[in-house]
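J.: Give me the fold of what follows.
(chains A and B)
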Amino acid sequence: MNELIYAIELTITGLLIGSMYSLVALGFVLIFKASSVFNFAQGAMTLFAALSVVGLFPIVGFWPALALTIVAMCGVAVFAERVIFRPLIGGAPLVIFMATLGLAFMLEGSAQIIWGTQPYGLDLGIPIEPIIIGGVYISRFDLVAAGVAGLLVLLLVLFFQKTKIGLGLRAVADDHVAAQSMGIQLRRVWAVAWALAGLVALAAGMLWGARIGVHFAMSLIALKALPVLIIGGIESVPGAIVGGLIVGVAEALGEGFVGSMIGGGVQDIMAYLVALLFLLFRPYGLFGEKKIERV
Amino acid sequence: MKKKLFTRNALGALAVGLVAAGSSLVATLSPTWAGESEIFHPMMVTRTGPFASAASGVSSGQQDYFALVNMNGGIDGTKIRWEECDFGYKTPRALECYERYRGDWKIVYPNSTPAIFALAERLNTDEVLGINIAGGRSESSDGETFPFLSPVMLNFWSQAASTIRYIAELEGGEANLAGKKIAFIHIDNAYGRQPFPIFDALAEMYGFEWKSWPLGWPALEQSAAWVEIARRYHADWAIQWNYGQSCNVPMTEMKKVGFPLEKFIGTLWCGSEEDILPAGDLAKGYISANYHGVGKEFPVIQEIIEQVYGAEKGNIEEDRVGTVAYNRGVLTGIIIVEAFRNAIEEYGLPLDGRKVRDGFRMIKLDDARLAELGATGLLPPLAFSPTYHGGIDPQLFQQWDGEKWETISDWIPPYEDVVKSQIEKASAEYRAQTQQQ
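T.: Now for the predicted structure:
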């Protein structure tokens, strides 16, 4: 195989897988924009959503299962806002972070009680066979997944820039006490942010579920979002996308070229190496807000 | 106002903590007897987390076998009372479980290679046998060097050697291996790297080439590795040494890069229903190794269905009886009960770790004994001794037909000389290291 074709194929593979990393990272961004906190429960939300779809599917059919899961994710959002985060308004970010850790345990535990521990397959009817263009193999499945991720980003950008709630979310992210004093309903904004993060988790859960199956290891996919967020900037939707693509390409090219020279196993290392470079030279990421704090 | 806010925060945090603890707790119940003539047998299990899907079957298979033995009067009147400690396949929690029951252990089976490695020193100090069937430390086949460790059946080196022999059979003999390329895709840890010395030795003997593709845990994203295996390296065969849900990932990736499924063979740890169900139809035709028979047509499993499930005393959903993980549990139960039985016959009650270890070393599961136990075909004949703790055994190969596994080979032995030589070498290195310390 020609090295150039090999490099092109790896780059395309990396870009497509990177778009799926972006999808996972988007959920983190949404919560961070609303509450300036890293949502440790995003992986568990992805798992919970995907398990709910595949668990309900044989009982009620695909579309009702999807609709019920959307309702369930909105329910989780309202529950999280009312029971966990509302009492913590004004609290330190670390306290809210710890609450998201508790939420992750709750969701994983509940998922096991409701759906058991057995893994499921999820067939979305998207063909796996590659398209071959000029000797380059391109996965149809990954193309569709990238398309879905792109569409979601477009919708979210419009939401943040054109809607009242979206603008409210941005204000809350800056300073939720100040936003409240300006008449923004913090409770409503948080509930909407969590519901949106739940829906993004559902989309990510279904696409990742169709690719690797739906099972408890799925929540570990959230780990892939960490370097993406460092590179793109944790409060930026476009940052999540660009960061995901950079991580995907760095992993693929790193594994395909550097890995083959030094014995392999560098895929994950490459993502964190790039993230480390950003931390050194651009610690707020490509699109993150540069904050200057008085200490 | 400040005080009220603090109270609400505290209550909220408490509520979250309580609900979190409650929701992640999976209650495990086990029968108890008040009789004096019983063996208390703590069990390390994985009922929660990413590995619970298959591991729960292994634990329940053992318990169902213990229940069957108890229902038939116990081991010459001595019943087994078990209690679970769920460590969720997390090594620190396995150590915690061990400490919680320290003094009660007679035999330890965590079904986790990392856990058995971490427990090794404590087991040696406490003189309790640690077993990890078809896993653990490969050189612990040497009972003299490792008096309280055992792989019981098929250490990793035997697995690797038997898999190469099977590929050789499919190629029409070892002579046809020359010039072939074998891609080895594996988890990048001690488990995944175990086959290396065997592949090196066999590659030198038979002239094939092999290359490793290590994957960082949890190995759920393997696309770049498969692009290289199929499109640049042009492997003739690929062997996977993944674990848990990373086992099903190659099915999708191979399809994307055009690598043929019939040239792909999985380790026995990628050979349970749970490992490949998520791949759906993509897994149809997939071949993996195994160390025991599959299905529920074995007399011992039929007895469990009739007696244990007939009395509604089963320890798992009945439709999981006869799955690969479940059968692994039943055969583990057979080995543990045989060790208890021999120890009681030799020493009488009460039992302790050393007595059960000696009982384990007396196990002789020949054809007659297997038939007596209703386990003919479930596992091959086995015999242990103070110097040999098992591990040099043949494998079966099985193929997924879309709904169930079908055994498609006879027992395929490893290259025994190669495996023995590696055991001797590694044991000698271990002895030299421990003497230096």
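J.: what's the neighbour count on A:A49?
T.: Neighbour count for A:A49, taken as other CB atoms under 10 Å in any protein chain shown: 28. (Each C-beta comes from the backbone N, C-alpha and C, glycine too.)
J.: Tell me which residues touch the nearest residue to B:G143 once chain neighbours are set aside, please.
T.: Excluding the flanking residues, the one nearest B:G143 by CB to CB, 6 or more residues apart in numbering or on different chains is B:H389, at 4.1 Å. Listed by CB atoms under 8 Å, 6 or more residues apart in numbering or on different chains, the contact set of B:H389 reads B:140-143, B:146, B:149-152, B:361.
J.: 10 Å - rerun?
T.: B:129, B:131, B:139-152, B:155, B:357, B:360-361 (CB atoms under 10 Å, 6 or more residues apart in numbering or on different chains).
J.: Only whichever of those residues are buried, select them in PyMOL.
T.: Applied in PyMOL, the following selects the buried portion of the contacts of B:H389 according to 16 or more other CB atoms under 10 Å in any protein chain shown:
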select buried, chain B and resi 129+131+139+140+141+142+143+145+146+147+148+149+150+151+152+155+357+360+361
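J.: Dihedrals phi and psi, B:R357?
T.: phi -60, psi -40 (degrees, to the nearest 10).
J.: Leaving out sequence neighbours, find the closest residue to it.
T.: That would be B:L129: by CB to CB, 6+ apart, it lies 4.1 Å from B:R357.
J.: shouldn't that neighbour be in contact with B:F148?
T.: Yes: B:L129 lies in contact with B:F148 (CB atoms under 10 Å); the separation is 5.2 Å.
J.: hang on, isn't B:L351 packed against B:I107?
T.: Yes: counting by CB under 10 Å, B:I107 is a contact partner of B:L351 at 9.3 Å.
J.: Which one's more surrounded, the two?
T.: B:I107 (25 against 20).
J.: so what's that one bridging to?
T.: Under DSSP bridges, the beta-bridge partners of B:I107 are B:L129.
J.: Was I right to think it contacts B:I336?
T.: Yes: using CB under 10 Å, B:I107 is in contact with B:I336, at 5.9 Å.
J.: so what sits against both of these two?
T.: B:41, B:43, B:129, B:131, B:356, B:359-360.
J.: quick one on the thing from earlier: mind listing the shared neighbours of B:L129 and B:F148?
T.: Contacts common to B:L129 and B:F148, judged by CB under 10 Å, 6+ apart, are B:107-108, B:123, B:353-354, B:357, B:389.
J.: Find me the pLDDT at the residue nearest to B:G143, would you?
T.: Looking at B:H389, its pLDDT reads 98.
J.: Next one: it relative to B:T46, how far apart?
T.: 24 Å (CB to CB, to the nearest Å).
J.: ok, now how distant is A:T13 from chain B?
T.: To chain B, A:T13 is 5 Å away according to CB to the nearest CB, to the nearest Å.
J.: That residue contacts B:S223, doesn't it?
T.: Yes: taking CB under 10 Å as the definition, A:T13 is a contact partner of B:S223 at 5.1 Å.
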